[in-house]
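Colleague: can't give you the sequence, but here's the structure:
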């Protein structure tokens, strides 16, 4: 899986450098359809599960000073954007390092992906605007379905 992730990362860098193609999400969508996507689904699943589900992840973001941002993803209104640095701040260097190592990509690339994926996933996991009170593990396949891949 690492080679596909690196290939996707290189394609993204080339696309950005030369202004080719559409948006980063377009390329991310393409990556998520392949083996690299399976790794990203697993990482997003891992982030949610390791932190105690949506409710636990919300607490983690609140502790990191990003409660308002996370609450916007849960709520029924517009999702606030989150930067890769904010993802790193909320999840902490240890968790980011472990997850990046699992995927075989640099930490900054991982936080870039998570900054795009987490708002969408949390938003779709909370359609009523409420975080589930009971934690149930979320599988990578569930993340894939949530994102419509």
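Modeller: Okay, I see it. Because the structure is predicted, anything quoted here is derived from the model rather than measured.
Colleague: For the rest of this, base every contact and every neighbour count on C-alpha atoms.
Modeller: Noted.
Colleague: who touches residue 89 in this structure?
Modeller: Counting by CA atoms under 8 Å, 6 or more residues apart in numbering, residue 89 makes contact with residue 64.
Colleague: Can you tell me the closest non-neighbouring residue to residue 67?
Modeller: residue 61 (5.3 Å; CA to CA, 6 or more residues apart in numbering).
Colleague: what about the one you found, neighbour count?
Modeller: Other residues lying near residue 61 total 20 when counted by other CA atoms under 10 Å.
Colleague: That one against residue 71, yeah?
Modeller: No - contact between residue 61 and residue 71 fails when scored by CA atoms under 8 Å: they sit 9.3 Å apart.
Colleague: before we move on, which element is the residue nearest the centre of the chain in?
Modeller: Centroid-nearest residue in the chain: residue 114, 2.7 Å away (criterion: CA atoms, centre = their mean). Element membership for residue 114 (DSSP states H and E) is helix 107-125.
Colleague: so after that helix, what's the next helix or strand?
Modeller: Using DSSP H and E, the next helix or strand after helix 107-125 towards the C-terminus is helix 140-146.
Colleague: what's in contact with that next one?
Modeller: Residues outside helix 140-146 that contact it (CA under 8 Å, 6+ apart): 38, 41-45, 121, 124-125.
Colleague: try 10 Å this time
Modeller: Under the contact criterion CA atoms under 10 Å, 6 or more residues apart in numbering, helix 140-146 has outside partners 32-33, 37-46, 117, 120-125, 139, 147-149.
Colleague: For PyMOL, write the selection for the buried entries among these.
Modeller: Buried residues within the contacts of helix 140-146, by 16 or more other CA atoms under 10 Å, are selected in PyMOL with:
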select buried, resi 32+37+38+39+40+41+42+43+44+45+46+117+120+121+122+123+124+125+139
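Colleague: ok, now how distant is residue 131 from residue 98?
Modeller: 26 Å (CA to CA, to the nearest Å).
Colleague: check contacts around residue 41.
Modeller: 32, 35, 47, 117, 139-145, 147 are the contacts of residue 41 under CA under 10 Å, 6+ apart.
Colleague: Against residue 114, how distant is it?
Modeller: Taking CA to CA, one finds residue 41 at 10 Å from residue 114.
Colleague: list residues touching both of the two?
Modeller: Counting by CA under 10 Å, 6+ apart, the shared contacts of residue 41 and residue 114 are residue 47.
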